[in-house]
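Enquirer: any chance you could fold what I've pasted below:
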Amino acid sequence: MELHDELGQNLTVLKLQLRSIQKTLPPDQSHLQGKCEGANRYVDQIIENVRRISQELCPTCIEDLGLDESIAMLVEDFALHSKLIVSIETQKIDSLFTLQQRTMIYRIFQEALNNIQKHALARKVWIKIERKKKAVDIQIADDGKGFVRDRNAEENVVKAGLGLTAMEERARMLGGTIEVFSIVGIGCRLAFNIPITAGERNDEFLSYSFG
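Expert: I've put the predicted structure just below:
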């Protein structure tokens, strides 16, 4: 609510101030007029992002349905809107994590699928969630264009965008790791290892195919 109300209101005031500045510019300052328009559009994007983030900080579906069903719904919705073929094979993991941990795992899936839709140019996506003895392994792979490697960085270091950075940070907060395997023109695979700190074992497998 604070994000939506306080920060959202401040951004709206900023937008009004930009418009006020734009109105005072003389007609011959067309380049500044254009910059003000661009800044206003950018503020609009920030406002929309703040609204989305504030609504999704703790998705009600996780509390109502659990993590397993929430991931299945997320993947089904992703397949419907992206027109991609998505296969998912999973073991139940909801009871293994706290609500905060389940929310972060859900966010990892959101970010990974969002990156695939925006950047990968893929046709198919494969997801596997496997319960090991002390950890959960999550594999998210696509047959897209792969990552462009940063030639100014060390050898074999993938150029990380904000999406990948966010996933790395969430994995770290969960006490886990992320590995990125990418071949240009072949696709990309993200491998997460999330340690189990509490909960009960459930080896039931669930399989879904969407798209």
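Enquirer: I'd say Leu32 and Leu25 touch.
Expert: Yes. Between Leu32 and Leu25 there is a contact under C-beta atoms under 8 Å: 5.4 Å. Where you see a C-beta, it was placed from the backbone N, CA and C, and this is true even at glycine.
Enquirer: can you give the domain ranges for this protein?
Expert: 2-56, 60-210 (automatic domain parsing).
Enquirer: any chance of JSON lines for the ones you listed, columns mean neighbour count and mean pLDDT?
Expert: Formatted as JSON lines, the domains of the chain follow (neighbours: other C-beta atoms under 10 Å; pLDDT from 0 to 100):
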{"stretch": "domain 2-56", "mean neighbour count": "13", "mean pLDDT": "84"}
{"stretch": "domain 60-210", "mean neighbour count": "16", "mean pLDDT": "85"}
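Enquirer: what ranges do the helices span in the protein?
Expert: Counting by DSSP state H, the chain has these helices, from start to end: 2, 8-24, 30-56, 60-65, 67-82, 99-115, 162-173.
Enquirer: contacts made by the last one with the rest, please.
Expert: Residues from elsewhere that reach helix 162-173, judged by C-beta atoms under 8 Å, 6 or more residues apart in numbering: 104-105, 107-108, 111-112, 114-115, 118, 158, 160, 177-178, 180, 190, 192, 194.
Enquirer: let's see it at 6 Å
Expert: Under the contact criterion C-beta atoms under 6 Å, 6 or more residues apart in numbering, helix 162-173 has outside partners 104, 107-108, 111, 115, 178, 192.
Enquirer: would you turn the residues you listed into TSV with distance to Phe97?
Expert: Listed next are these as TSV, based on distance: C-beta to C-beta, whole Å:
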residue	distance to Phe97
Met104	9
Arg107	13
Ile108	12
Glu111	17
Asn115	23
Ile178	17
Phe192	13
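Enquirer: which among the helices of the chain is found nearest to Ile127?
Expert: Of all these, it is helix 67-82 that lies closest to Ile127, at 6.6 Å by C-beta to C-beta.
Enquirer: what's opposite the closest residue to Ile129 other than its chain neighbours in the beta bridge?
Expert: Excluding its sequence neighbours, the residue lying closest to Ile129 (C-beta to C-beta, 6 or more residues apart in numbering) is Thr90, at 3.8 Å. Beta-bridge pairing for Thr90 (DSSP bridges): Ile129, Leu206.
Enquirer: from Met173, how far out is Glu130?
Expert: As judged by C-beta to C-beta, to the nearest Å, Glu130 and Met173 stand 21 Å apart.
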